[in-house]
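Student: Got a sequence here, can you model it:
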Amino acid sequence: MDHQTQGQSLNQTPQMNQPFQGILFMLLGIGALTSMDALAKSLVQQGINPFQILGLRLFVIIPSILAIYTFAGRQRELIPTRPKFQIIRGCIGFLAPFCFFLSLNYLPLSDAIITSYSSIMIITALSHFVLKEKVGIHRWGAVAIGFIGVYIAISPTGEGRVFGYILVFIAALAYAVLMITGRILSRTESVGSLVIIFNLCVGLVALCFAPFVWQPLTLVSFLMIIALGFFALAGHFCVTTAFSKSQTSVIAPFEYTSIIWAVMIEWTIWRYLPAQTTVIGGLIIIAAGIYVIYRENIQKNREKSQRLET
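Tutor: Numbering: from 1, shown residues only. Predicted coordinates:
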């Protein structure tokens with residue numbers, strides 16, 4: 001489920017006072033990631049399995065990450081201090097991009113993206129039960145309303161198949177686990193090591209199964225997979241940069257612009273517009289998600305003030 005950001009809780013810096021630049025990088029990053037998803041949809045519609053896509057993507061992403069960090073003289077940041085836990089995290093997190101890409105064979109891109117927004121509700125719930133973070137009644141209420149929005153978005157009057165929505169939910173759950181474990185591991189691991197180990201695990205797991213579903217690639221399909229890998233890199237770079245430029249509460253809501261990108265791309269290529277119920281449900285999910293971010297920011301500021309007072 002790569003259209004969603006992976007750096008928002010892992011790469012915060014003390015000096016983040018460039019909100020305009022942060023928003024600009026976020027918009028560009030989300031556009032790149034949504035373009036990647038559109039390429040994935042086109043590929044799976046050609047009969048190319050996500051195992052093959054994610055396996056081949058490995059040969060674009062890993063060399064590029066190594067080159068970037070080596071050029072910057074930061075290659076030591078790629079070495080994990082807890083490799084066992086990182087590998088477990090990567091293998092579980094594999095389900096996020098795999099299930100999301102597979103769902104695109106059954107759902108329109110915009111429907112899949114709207115439904116995947118439920119991950120922020122799952123992350124909020126897991127942060128309470130796993131990380132023991134305090135989640136007040138406001139955020140619990142927003143979570144409940146968000147899931148009502150999900151129900152409306154996937155109502156029988158909407159487009160798509162039930163199996164496709166199930167795949168998106170599995171992807172959202174895997175993504176939530178990825179984010180929660182990322183928060184835990186970020187206490188001892190660098191962002192670089194988290195990114196490269198996750199992508200390495202995704203690619204290697206995919207390559208194990210790819211021979212069983214392998215399809216011959218045309219030159220166009222091969223170039224699309226290469227472009228998909230570079231869109232993933234560009235998207236994650238821009239998103240990570242965005243969160244280094246400004247506060248999470250300012251940047252995170254712009255993640256929802258992925259639906260604008262998706263609708264524009266989908267209309268241009270497939271002449272498809274999401275159903276009315278999908279749009280209504282999506283608006284409810286987005287409103288609930290933004291409120292969760294808002295309340296989380298209030299809670300963090302309150303805790304920060306209490307620490308300063310003591």
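Student: residues making contact with stretch 68-83?
Tutor: Stretch 68-83 is contacted by residues 65-66, 86, 185, 188-193, 196-197 when judged by CB atoms under 8 Å, 6 or more residues apart in numbering. C-beta coordinates here come from the backbone N, C-alpha and C atoms, glycine included.
Student: where's the nearest residue to residue 92 once chain neighbours are set aside, which helix or strand?
Tutor: What sits nearest to residue 92 in space, not counting adjacent residues and going by CB to CB, 6 or more residues apart in numbering, is residue 177, at 5.7 Å. In this assignment (DSSP states H and E), residue 177 forms part of helix 162-185.
Student: Quick one, which of the contacts of stretch 68-83 are buried?
Tutor: Using 16 or more other CB atoms under 10 Å as the burial test, these include 65, 86, 185, 189-193, 196-197 as buried.
Student: Any regions of the stretch 101-250 of the chain where pLDDT drops low?
Tutor: Counting by pLDDT under 70, the stretch 101-250 of the chain contains low-confidence residues at 156-160, 248.
Student: ok, the buried ones among the contacts of stretch 68-83 vs residue 257, which is closest?
Tutor: Within these, the smallest distance to residue 257 is 23.1 Å, found for residue 191 (CB to CB).
Student: rewinding a little: take the buried ones among the contacts of stretch 68-83 and write them to TSV, including secondary structure and distance to residue 223.
Tutor: What follows is those, written out as TSV (DSSP: H, G, I helix; E, B strand; the rest coil; distance: CB to CB, whole Å):
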residue	secondary structure	distance to residue 223
65	helix	21
86	helix	32
185	helix	35
189	coil	34
190	coil	33
191	helix	30
192	helix	28
193	helix	30
196	helix	24
197	helix	28
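Student: residue ranges for the helices of the stretch 201-310 of the chain, please.
Tutor: Here the stretch 201-310 of the chain has its helices, by DSSP state H, counting those that start in this stretch, at 219-245, 248-251, 258-270, 276-309.
Student: Any chance of the ones you listed in JSON lines with mean neighbour count and distance to residue 98 as columns?
Tutor: Below are these laid out as JSON lines (neighbours: other CB atoms under 10 Å; distance: least, CB to CB, whole Å):
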{"stretch": "helix 219-245", "mean neighbour count": "19", "distance to residue 98": "14"}
{"stretch": "helix 248-251", "mean neighbour count": "20", "distance to residue 98": "27"}
{"stretch": "helix 258-270", "mean neighbour count": "18", "distance to residue 98": "19"}
{"stretch": "helix 276-309", "mean neighbour count": "17", "distance to residue 98": "23"}
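Student: Mind putting those into a markdown table with distance to residue 203?
Tutor: Converted to a markdown table, the helices of the stretch 201-310 of the chain look like this (distance: least, CB to CB, whole Å):
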| stretch | distance to residue 203 |
| --- | --- |
| helix 219-245 | 10 |
| helix 248-251 | 28 |
| helix 258-270 | 23 |
| helix 276-309 | 30 |
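Student: picking that back up, in the buried ones among the contacts of stretch 68-83, find the pair that's most separated.
Tutor: So, the buried ones among the contacts of stretch 68-83 by CB to CB: farthest apart are 65 and 185, at 17.4 Å.
Student: Need the distance between the two termini of stretch 104-117.
Tutor: Using CA to CA, to the nearest Å, one end of stretch 104-117 lies 15 Å from the other.
Student: centre of the chain versus it, how much separation?
Tutor: 13 Å (CA atoms, centre = their mean, to the nearest Å).
Student: Likewise for stretch 174-188?
Tutor: 13 Å.
Student: okay, now the residue nearest to residue 92: neighbour count?
Tutor: 20 (other CB atoms under 10 Å).
Student: So it versus residue 197, what's the distance?
Tutor: To residue 197, residue 177 is 15 Å away according to CB to CB, to the nearest Å.
Student: now swap in residue 276 and tell me
Tutor: Residue 276 is 42 Å from residue 197, by CB to CB.
Student: what's near enough to touch the residue nearest to residue 92?
Tutor: So residue 177 contacts 89, 92-93, 126 (CB under 8 Å, 6+ apart).
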